[in-house]
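Peer 1: coordinates only, no sequence provided:
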């Protein structure tokens, strides 16, 4: 069946494209969800009239994808998950978790556009995750997976170092005050 797409559809085409698909796919999925309309002279004329607007939207999508690609390529995400002592995760890191981490950064991406190379990440470490953008363009996000226990240990060490530095500063301040007090007493 020949159809005209109303919106961009992954693995099928972009808005305004005329494609041939199986009859059942068109009747049972594309047409009821208003993703496409049946190709005929009337619908073809309607889309011909919309051609300039469709092309303008495509250009905007290209520009948005280019700027998003720059942001994603320079981004490093850190996920903290529970794991065993060997570094093996209890569960795995999925594209949904990555989507949520990106949303916290203010970047909205559909989870189906996020491709985890090894499908599921099951060990602590650094990974590259591919994000599909517009027209076959993609970006690579650096993903660092850390263990909860490791992060807590680092925080405890940092806190202990801060306390030690604070105690050291207080000790030095007390010594300076004592030296200052002695000099004031000797001057009188």
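Peer 2: Everything's here; your move. All figures in this text were calculated on a predicted structure; none of them were measured in a lab. Numbers count the residues shown, from 1 in each chain.

Peer 1: what sits closest to residue 8 if chain neighbours are left out?
Peer 2: Excluding the flanking residues, the one nearest residue 8 by C-beta to C-beta, 6 or more residues apart in numbering is residue 14, at 4.8 Å. Where you see a C-beta, it was placed from the backbone N, CA and C, and this is true even at glycine.

Peer 1: is it true that that neighbour touches residue 58?
Peer 2: Yes - the pair residue 14 and residue 58 qualifies as a contact (C-beta atoms under 8 Å) at a distance of 6.7 Å.

Peer 1: domain ranges for the chain?
Peer 2: Residue ranges for the domains of the chain, per automatic domain parsing: 2-49, 70-150.

Peer 1: for the longest helix anywhere in the chain, packing partners?
Peer 2: In the chain, taking DSSP state H as the definition, the longest helix is helix 148-187. The contact analysis (3 or more C-beta pairs under 8 Å, 6 or more residues apart in numbering; DSSP states H and E) places helix 148-187 against strand 76-81.

Peer 1: any idea of the mean pLDDT for the strand it packs on?
Peer 2: Averaged over strand 76-81, pLDDT sits at 84.

Peer 1: quick one, phi/psi of the residue nearest to residue 8?
Peer 2: Residue 14 has phi and psi values of phi -110, psi 170 when expressed as degrees, to the nearest 10.

Peer 1: okay, it: pLDDT?
Peer 2: Looking at residue 14, its pLDDT stands at 84.

Peer 1: and it, how many neighbours?
Peer 2: Using other C-beta atoms under 10 Å, residue 14 is surrounded by 16 other residues.

Peer 1: quick one: residue 107 is in a helix?
Peer 2: No - in this structure, residue 107 is coil, not part of a helix, as judged by DSSP: H, G, I helix; E, B strand; the rest coil.

Peer 1: mind checking the backbone torsions on it?
Peer 2: phi -110, psi 120.

Peer 1: you'd agree it is up against residue 69?
Peer 2: No - contact between residue 107 and residue 69 fails when scored by C-beta under 8 Å: they sit 11.3 Å apart.

Peer 1: any idea how far the lowest-mean-pLDDT helix or strand in the chain is from the chain center?
Peer 2: Across the helices and strands of the chain, mean confidence by mean pLDDT, DSSP states H and E is lowest for helix 148-187: a mean of 76. Distance of helix 148-187 from the chain centroid (C-alpha atoms, centre = their mean, to the nearest Å) equals 41 Å.
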